[in-house]
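Trainee: Got a sequence here, can you model it:
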Amino acid sequence: MLKESKIRRKNVGLHQPARPSRIRREPMAPIEQPKRRGWLANIDFHSKEWEIGLAIAGITFFALAINAVVFDIGHLLGN
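Mentor: A predicted model of the protein is given here:
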């Protein structure tokens with residue numbers, strides 16, 4: 001069984017809170033998006049459909065790159 005320590009520490013005294021900052025900032029103005037013209041104006045590039053489409057295109061491109069490397073190594077080792 002452990003004995004409780006008899007050494008007691010003093011509590012840390014808290015200081016007065018610092019003064020509030022005197023800098024007052026205006027809220028940021030909303031960022032204006034550049035206006036698109038023509039058929040691009042109707043496309044939302046941040047939609048789920050575009051995200052899924054780009055993911056599928058990236059996976060396909062990666063698979064084609066791996067396929068090209070494997071066939072190239074097979075061609076080099078085959079000769």
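Trainee: Tell me where the chain has helices.
Mentor: For the chain, the helices defined by DSSP state H cover 48-78.
Trainee: So Asp44 sits against Glu51, correct?
Mentor: No - using C-beta atoms under 8 Å, Asp44 is not in contact with Glu51, being 10.7 Å away. For the C-beta atoms, the positions are set from N, CA and C on the backbone; glycine is no exception.
Trainee: Those two: which is more packed in?
Mentor: Glu51 (11 against 8; other C-beta atoms under 10 Å).
Trainee: what's the spacing between the more buried one and Pro34?
Mentor: Look at Glu51 and Pro34: by C-beta to C-beta, to the nearest Å, they are 21 Å apart.
Trainee: what does Ser47 give?
Mentor: As judged by C-beta to C-beta, Ser47 and Pro34 stand 18 Å apart.
Trainee: who's more crowded, these two?
Mentor: Using other C-beta under 10 Å as the criterion, Ser47 and Pro34 rank with Ser47 on top: 10 against 5.
Trainee: burial count for Arg24?
Mentor: Using other C-beta under 10 Å, Arg24 has 5 neighbouring residues.
Trainee: got the contact list for it?
Mentor: Not one residue lies near Arg24 by C-beta atoms under 8 Å, 6 or more residues apart in numbering.
Trainee: Looking at it now. What's its pLDDT?
Mentor: Looking at Arg24, its pLDDT stands at 70.
Trainee: Also Lys3?
Mentor: 75.
Trainee: Leu40 too?
Mentor: Value for Leu40, per-residue pLDDT: 75.
Trainee: any idea how far it lies from Gln33?
Mentor: 12 Å.
Trainee: now swap in Lys10 and tell me
Mentor: 59 Å.
Trainee: Could you list the low-pLDDT ranges of this protein?
Mentor: Residue ranges of the chain with pLDDT under 70: 1, 11-12, 14, 16-22, 79.
Trainee: again, only this time at 80
Mentor: Across the chain, the ranges flagged by pLDDT under 80 are 1-26, 33-34, 36-37, 39-41, 74, 76-79.
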